[in-house]
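K.L.:
Mind looking at a prediction? Sequence and model below.
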Amino acid sequence: MKSPRLNRIFYREIAGPCLIALLILTFVVFTREFGRLAEMLIRRNADGMTVVQIVLFILPSVLIFSIPFAFLIGTLIGFSRLSGDSEIIAMRASGVSVWQMLKPVLKVAAVVAAITAAFTFSLLPRGNWSLRLLSHELGFKPLQSEIKPRVFNEQIPSTILYIEDVDLRTSRWKGVFVHTSNNGEKRTILASRGDLITSEDGRRVQLHLEDGTVYDTRDATPERDSLTRFGTQDVLLPLAEIETAFAKPKRPKDRTLLELWRDRHRGSIADRRANGVEMYGRLSLPLAALVFGILAVTLGISRAKSGRGYGFVVSIVVAFSYFIMFDMGRSLAAGGVIPVWLGGWGADLVLAGFAGLSFYSASQERLFVERIIDNRLVSMLGLGFARIFSKVGGLFRGLARSVGNRFWDVCTVCVQLTRVVDLYMLRNFLYYLIPTLFICTSLFYLFTFFELMDDIFRNDIAYRTVFVYFLFLIPQILILLVPISILIATLVTFGVLDKTSQVVAFKSCGISVYRIAVPVVLLSAMMGGGLFVLQEYVNLTRI
């Protein structure tokens with residue numbers, strides 16, 4: 001088989017799963033940011049363009065993980081499908097080596113690594129810094145939206161603000177009262193008109209007042225009290241949140257790779273260690289894509305009858321393992337337990353060693369998986385576990401038999417009322433829905449845990465508190481992820497039915513597509529009702 005045609009087969013096989021995995025992973029990880037976006041929209045009175053900016057600033061922190069992980073998942077699913085349909089066996093019988101299969105994947109991996117490097121080296125820190133500045137610039141907007149007529153407002157430090165009315169056409173204030181107090185000096189301002197304005201760079205927020213009077217009083221020297229009239233006057237508001245945002249230096253995650261390299265020997269030991277952890281971590285993520293490419297090919301062809309399901313499960317396990325090692329290495333390096341370079345490169349080195357072993361095994365006639373299965377110790381362990389599971393299963397079967405006898409009549413009636421087609425469709429639908437929901441939930445939990453892990457160890461939070469927090473997070477996770485899981489499971493279920501010609505078989509028996517969709521639609525509607533109850537009566541009481 002010619003190399004260009006072989007490459008096109010591999011490209012076509014991994015392109016679709018990679019794209020779908022990228023969309024799903026990005027959506028699942030991005031659901032953690034919905035709360036922040038809602039706060040910007042509602043509490044901070046942000047407009048649509050500001051929300052678009054926030055999404056663009058947050059997106060790099062999501063894509064640095066979702067892009068390489070999607071490449072791993074898509075490639076492993078593609079090669080598992082080829083292996084499941086015996087196409088890999090046909091290729092190897094035609095003289096196609098593992099290296100020839102690996103070369104086109106490594107080309108794609110190089111592109112993925114370059115894209116990831118662009119995000120980690122430059123776009124990620126710029127997005128973090130821009131998001132930090134934007135969030136502080138929006139600090140005055142809750143003030144502007146929450147100041148109401150005929151209500152004393154004390155949100156501004158050392159300041160009391162009161163307005164009599166608001167002009168609906170111009171949104172300007174009428175009858176403004178301002179009282180400030182600072183070190184025994186008190187100032188009271190009465191103005192006919194006024195409004196709240198900010199500078200173009202967002203660093204200054206001030207009151208613009210017109211046609212008013214200023215009363216200055218001093219507790220220590222009352223003879224120096226004064227009364228001044230003015231036509232226009234601007235009063236600078238002491239909003240420390242905005243001022244300190246520009247005064248604070250950049251954090252390690254706000255700096256580009258060149259800035260981290262320049263500052264690697266500056267500051268205290270803790271600062272140098274934090275810069276090193278961030279720098280090595282950003283260098284390791286792009287190279288992980290190359291390791292993922294080798295692992296995806298070798299693991300995908302390791303079983304002759306694997307299929308897409310095998311590839312999906314194995315890719316999730318590899319992604320979880322890498323992310324756990326990556327984040328644990330960074331945490332240990334930040335605490336000084338291991339060297340900084342090892343904390344950043346440890347996960348890549350471990351997976352690279354496993355990838356080399358897997359590639360060597362895949363190049364042999366007997367695969368690494370087959371050797372493990374034929375090992376006597378592994379066989380003995382497997383036989384022991386099988387006996388344990390058999391005994392446990394016998395106990396459960398006896399319990400189920402005793403309970404089932406009492407409700408046999410009811411179950412018989414229920415089965416008779418439920419048609420075979422409905423049971424078949426529900427079984428297929430749940431077969432894809434439950435694993436999809438479990439994987440999406442696991443991803444959500446994983447990213448949330450490692451986002452909070454530094455705070456958990458720094459503040460010495462009890463494990464019970466962490467467990468209770470994640471327990472109360474379940475309703476919110478289900479509300480966010482059940483709809484997308486239903487969508488994915490529905491697409492996969494009917495896609496498999498169509499590919500295996502089962503839809504044609506149903507039609508030949510006089511059963512329409514609408515009829516076979518009824519149980520899926522009814523179950524989805526019931527789950528939607530359950531989500532409504534969860535949202536209205538459970539989630540609000542837990543959060």
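P.N.:
Structure received.

K.L.:
residue boundaries of the helices in the stretch 101-250 of the chain?
P.N.:
124-137, 141-146, 240-247 (DSSP state H, counting those that start in this stretch).

K.L.:
Tell me the buried residues in stretch 78-91?
P.N.:
78-84, 88, 91 (16 or more other Cβ atoms under 10 Å). (Glycine included, C-beta is placed from N, CA and C.)

K.L.:
Check which helices and strands the helix or strand hosting residue 13 sits against.
P.N.:
When elements are assigned from DSSP states H and E, residue 13 belongs to helix 3-30. Contact partners of helix 3-30 among helices and strands, from 3 or more Cβ pairs under 8 Å, 6 or more residues apart in numbering; DSSP states H and E: helix 48-84, helix 98-118, helix 420-458, helix 474-499.

K.L.:
Please name the nearest non-neighbouring residue to residue 278.
P.N.:
The shortest distance from residue 278 to any non-neighbouring residue, by Cβ to Cβ, 6 or more residues apart in numbering, is to residue 252 (4.0 Å).

K.L.:
I figured that neighbour was touching residue 274, is that so?
P.N.:
Yes - applying Cβ atoms under 8 Å, one finds residue 252 in contact with residue 274, separated by 4.9 Å.

K.L.:
circling back to that earlier point, and which of the buried residues of stretch 78-91 is nearest to residue 210?
P.N.:
residue 78 (68.8 Å; Cβ to Cβ).

K.L.:
and the residue nearest to residue 278, what is it in contact with?
P.N.:
Each residue near residue 252 by Cβ atoms under 8 Å, 6 or more residues apart in numbering is listed here: 260, 274-275, 277-278.

K.L.:
returning to what we had before: for the helix holding residue 13, buried residues please.
P.N.:
So, applying 16+ other Cβ under 10 Å, buried residues of helix 3-30: 6-7, 9-10, 13-14, 17-18, 20-22, 24-26, 28-30.

K.L.:
Check the offset of it from the chain's centre.
P.N.:
Between the centre of helix 3-30 and the centre of its chain there are 19 Å (Cα atoms, centre = their mean, to the nearest Å).

K.L.:
tell me the angle of that helix relative to helix 474-499?
P.N.:
Taking axes from the mean of the first three to the mean of the last three Cα atoms, to 10 degrees, helix 3-30 and helix 474-499 form an angle of 150 degrees between their directions.

K.L.:
Which residues are in contact with the closest residue in space to residue 447 that isn't next to it in sequence?
P.N.:
Nearest non-adjacent residue to residue 447, counting by Cβ to Cβ, 6+ apart: residue 29, 5.6 Å away. Residues near residue 29 by Cβ under 8 Å, 6+ apart: 62, 65-66, 443-444, 447.

K.L.:
Look at residue 29 and report its pLDDT.
P.N.:
Per-residue pLDDT puts residue 29 at 74.

K.L.:
So which helix or strand of the protein has the lowest pLDDT on average?
P.N.:
Among the helices and strands of the chain, helix 408-417 carries the lowest confidence by mean pLDDT, DSSP states H and E, at a mean of 46.

K.L.:
Please report phi then psi for the residue nearest to residue 278.
P.N.:
Backbone torsions of residue 252, given as degrees, to the nearest 10, read phi -60, psi -40.

K.L.:
and residue 347, how many residues sit next to it?
P.N.:
When neighbours are counted by other Cβ atoms under 10 Å, residue 347 registers 24.

K.L.:
Spit out the contact partners of it.
P.N.:
Neighbours of residue 347 in contact, by Cβ under 8 Å, 6+ apart: 284, 288, 322, 325-326, 329.

K.L.:
ok, now with 10 Å
P.N.:
281, 284-285, 288, 291, 321-330 (Cβ atoms under 10 Å, 6 or more residues apart in numbering).

K.L.:
isn't residue 251 right up against residue 274?
P.N.:
Yes - applying Cβ atoms under 10 Å as the test, residue 251 and residue 274 come out as touching, 8.4 Å apart.

K.L.:
who has more neighbours, those two?
P.N.:
residue 274 (19 against 14).

K.L.:
which parts of the strand or helix carrying the more buried one are buried?
P.N.:
Counting by DSSP H and E, the element that carries residue 274 is helix 269-300. By neighbour count on 16+ other Cβ under 10 Å, the buried set for helix 269-300 is 273-300.

K.L.:
Likewise for stretch 51-61?
P.N.:
For stretch 51-61, by 16+ other Cβ under 10 Å, it's 53-54, 57-61.

K.L.:
State the distance from residue 266 to residue 256.
P.N.:
According to Cβ to Cβ, to the nearest Å, residue 266 and residue 256 sit 15 Å apart.

K.L.:
Repeat that for residue 494.
P.N.:
On the measure of Cβ to Cβ, residue 494 and residue 256 end up 47 Å apart.

K.L.:
And the chain, what are its domain boundaries?
P.N.:
Under the assignment automatic domain parsing, the domains of the chain span 3-139+252-374, 157-238, 418-542.

K.L.:
where does the stretch 401-543 of the chain dip in pLDDT?
P.N.:
401-419, 450-451, 453-454, 457-458, 539-543 (pLDDT under 70).

K.L.:
ok, residue 232 touching residue 206?
P.N.:
No - contact criterion Cβ under 10 Å: residue 232 and residue 206 do not qualify, at 11.9 Å.

K.L.:
give me every residue that touches the closest residue to residue 439 other than its chain neighbours.
P.N.:
Of all residues not flanking residue 439 in the chain, residue 316 sits nearest, at 5.8 Å (Cβ to Cβ, 6+ apart). Contacts here follow Cβ under 10 Å, 6+ apart; on that basis residue 316 touches 69, 72-73, 76, 435, 438-439, 442-443.

K.L.:
Which one (most neighbours) among those?
P.N.:
For those, neighbours tallied by other Cβ under 10 Å; top is residue 76, 32 neighbours.

K.L.:
Okay, that residue and residue 441: tell me how far apart.
P.N.:
According to Cβ to Cβ, residue 76 stands 21 Å off from residue 441.

K.L.:
Next: residue 217.
P.N.:
The value you get for residue 217 to residue 441, if Cβ to Cβ is used, is 62 Å.

K.L.:
Neighbour count: the two, which is higher?
P.N.:
Taking other Cβ under 10 Å, residue 217 and residue 441 do not tie; residue 441 has more neighbours (19 against 16).

K.L.:
So the more buried one is in contact with residue 485, correct?
P.N.:
Yes - counting by Cβ under 10 Å, residue 441 does reach residue 485; the two are 8.7 Å apart.

K.L.:
Now do the shared contacts for those two.
P.N.:
Joint contacts of residue 441 and residue 485 (Cβ under 10 Å, 6+ apart) are 28, 478.

K.L.:
mind showing which ranges of the stretch 51-200 of the chain have poor pLDDT?
P.N.:
Ranges of the stretch 51-200 of the chain meeting pLDDT under 70: 135-146, 155, 157, 198-200.
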